[in-house]
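J.: From the sequence below, what's the structure:
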Amino acid sequence: MKHLLWTLSVSFLFAGCAANEAPVENEVLGAPLVSDIYTADPSAHVWADGRIYIYPSHDINTETANTGGGSQFDMRDYIVLSMDEVGGKVTQHDVALDMADVPWVGRQMWAPDAAYKDGTYYLYFPAKDKDGVFRIGVATSSTPEGPFTPRDKPMAGSYSIDPAVFKDGDGEHYIYFGGIWGGQLQKWASGSFEADGSETDLGVADAPALMPKMARLSADMLEFAEPLRDIVINDAEGNPLLAGDTDRRFFEGTWVFERNGTYYLTYSTGDTHYLVYAIADTPYGPFTYQGRILEPVQGWTTHHSIFEHDEKWYLAYHDTKLSGRTHLRNVKIIALDFDENGRIQKIDPK
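T.: The predicted structure follows:
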């Protein structure tokens with residue numbers, strides 16, 4: 001394992017500001033957690049030991065051409081990162097799961113998430129099967145960093161990308177997933193996979209947008225305990241967001257958390273590069289759109305997670321400042337604030 005030191009200094013936070021300018025809050029975001037490998041799509045969790053664990057994608061410099069639909073994101077394994085506190089020493093663990101160990105996977109192991117229950121850690125991951133269709137797999141371990149042992153087949157009825165697992169206060173676990181364009185969600189609009197059609201063909205712009213999917217997980221955490229359903233995201237008037245509303249509609253990267261009795265659904269708008277959020281009174285929604293969390297960072301899309309540690313909230317995200325290439329990204333963490341009404345305070349990286 002490799003140990004890397006990540007520090008956030010006051011001088012770094014104010015870098016780039018002219019002498020006669022007051023620094024903009026959060027003007028310069030955090031340094032990469034690790035820089036000897038490329039990591040992205042961070043799913044952050046604080047388990048019972050109080051340590052922060054990050055489950056990211058592991059970007060690699062691939063020869064796969066960008067032919068549309070994210071073909072250049074051709075990741076093959078997962079590596080877990082951990083730290084005692086934000087800004088502290090980061091441990092880069094050994095490989096947690098490799099594509100070669102998963103019988104059903106053909107290629108492209110994309111953004112994962114993790115959960116814990118009764119002594120077992122669960123890694124949920126999307127990958128294309130041998131037919132080029134994204135499915136969601138599950139692997140288990142007795143330790144948070146792995147190695148994880150995968151099941152021989154993906155979750156029954158699973159498809160698309162970006163699984164995110166939320167544990168509610170009553171102990172129930174829910175899984176959220178989906179992503180349009182390369183994530184193939186639009187190819188399931190009829191209820192079965194339709195291989196034909198453009199990667200970006202989402203139908204009529206003034207029709208309701210495609211929504212992420214969700215279900216409660218089974219007691220053993222390995223399957224859906226109920227039929228999949230849409231997570232409806234409405235505007236302030238109660239109308240579903242439309243496909244053409246690209247500044248607000250769902251694209252990929254859902255993350256759900258609860259704070260003071262409010263459920264927050266956060267997600268990426270993809271091609272418009274915003275992180276946004278909606279709220280509800282239950283984990284099923286419907287959710288009402290609220291606003292932006294993060295203005296665009298360098299890179300094609302933004303994928304994130306939100307977590308609490310030592311009574312402070314944080315946003316984990318990625319950008320491409322080190323590589324300058326869309327498929328070679330680095331995970332970062334920054335503080336996240338709420339106002340007295342529970343509204344997330346927007347971060348502007350410029």
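J.: Is Ser43 bridged to anything, and to what?
T.: Beta-bridge pairing for Ser43 (DSSP bridges): Tyr55.
J.: is it true that it touches Asp113?
T.: Yes - Ser43 is in contact with Asp113 according to Cβ atoms under 8 Å; the separation is 4.2 Å. All C-beta atoms are positioned from the backbone trio N, CA, C, and that covers glycine.
J.: Could you tell me which residues touch both of these two?
T.: With contacts defined as Cβ atoms under 8 Å, 6 or more residues apart in numbering, the residues adjacent to both Ser43 and Asp113 are 55, 164.
J.: Look up how far Asp59 lies from Asn234.
T.: Asn234 sits at a distance of 35 Å from Asp59 (criterion: Cβ to Cβ, to the nearest Å).
J.: So if I had to pick from these two, which one is more boxed in?
T.: Each of Asn234 and Asp59 had its neighbours counted (other Cβ atoms under 10 Å), and the higher figure belongs to Asp59 (24 against 17).
J.: Next up, the contacts around the more buried one.
T.: Taking Cβ under 8 Å, 6+ apart, one finds 37-40, 73, 75, 327-329 in contact with Asp59.
J.: For the spatially closest residue to it that is not a sequence neighbour, give me its contacts.
T.: Among residues not flanking Asp59 along the chain, Tyr38 sits closest, at 3.7 Å (Cβ to Cβ, 6 or more residues apart in numbering). By Cβ under 8 Å, 6+ apart, Tyr38 lies in contact with 58-61, 322-323, 328-330.
J.: rerun that using 10 Å as the cut-off
T.: Each residue near Tyr38 by Cβ atoms under 10 Å, 6 or more residues apart in numbering is listed here: 32, 56-61, 75, 318, 320, 322-323, 325, 327-331.
J.: Same check on Val204?
T.: Going by Cβ under 10 Å, 6+ apart, Val204 touches 242-244.
J.: ok, 8 Å please
T.: Ala243.
J.: Kindly check the end-to-end length of stretch 296-308 for me.
T.: End-to-end distance for stretch 296-308, by Cα to Cα, to the nearest Å: 23 Å.
J.: pLDDT averaged over that stretch - what is it?
T.: Mean per-residue pLDDT for stretch 296-308: 91.
J.: Now that stretch: buried residues?
T.: By neighbour count with 16 or more other Cβ atoms under 10 Å, stretch 296-308 contains the buried residues 296-299, 301-307.
J.: Contacts for stretch 273-280, please.
T.: Stretch 273-280 is contacted from outside by 233-234, 247-248, 262-269, 285-297, 299-302, 304, 315, 317, 342, 344, using Cβ under 8 Å, 6+ apart.
J.: how near is Glu223 to Ser158?
T.: Per Cβ to Cβ, Glu223 is found 9 Å from Ser158.
J.: Between these two, point out the one with more neighbours.
T.: A side-by-side neighbour count of Glu223 and Ser158, using other Cβ under 10 Å, places Ser158 first with 22 against 16.
J.: ok, that one - contacts?
T.: The contact partners of Ser158, taken as Cβ under 8 Å, 6+ apart, are 135-136, 177, 224.
J.: Now render the residues you listed as JSON lines, adding pLDDT.
T.: Compiled in JSON lines, the contacts of Ser158 are given as follows (pLDDT from 0 to 100):
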{"residue": "Arg135", "pLDDT": "98"}
{"residue": "Ile136", "pLDDT": "98"}
{"residue": "Phe177", "pLDDT": "98"}
{"residue": "Phe224", "pLDDT": "98"}
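J.: you'd agree Phe251 is up against Asp271?
T.: Yes - contact criterion Cβ under 8 Å: Phe251 and Asp271 qualify, at 6.8 Å.
J.: Any stretches of the stretch 151-300 of the chain with poor pLDDT?
T.: Within the stretch 151-300 of the chain, the stretches with pLDDT under 70 are 197-198.
J.: just the strands in it please.
T.: Applying DSSP state E, counting those that start in this stretch to the stretch 151-300 of the chain gives strands spanning 164-167, 173-177, 213-216, 229-230, 233-234, 252-259, 262-268, 275-280, 287-294.
J.: Check which helices and strands the last one sits against.
T.: Secondary structure elements in contact with strand 287-294, counted by 3 or more Cβ pairs under 8 Å, 6 or more residues apart in numbering; DSSP states H and E, are strand 233-234, strand 262-268, strand 275-280, strand 312-319.
J.: outside of it, which residues touch it?
T.: By Cβ under 8 Å, 6+ apart, the list of residues contacting strand 287-294 from outside reads 231-236, 238, 241, 248, 263, 265-266, 274-280, 302, 304, 315, 317, 336, 343-344, 346-347, 349.
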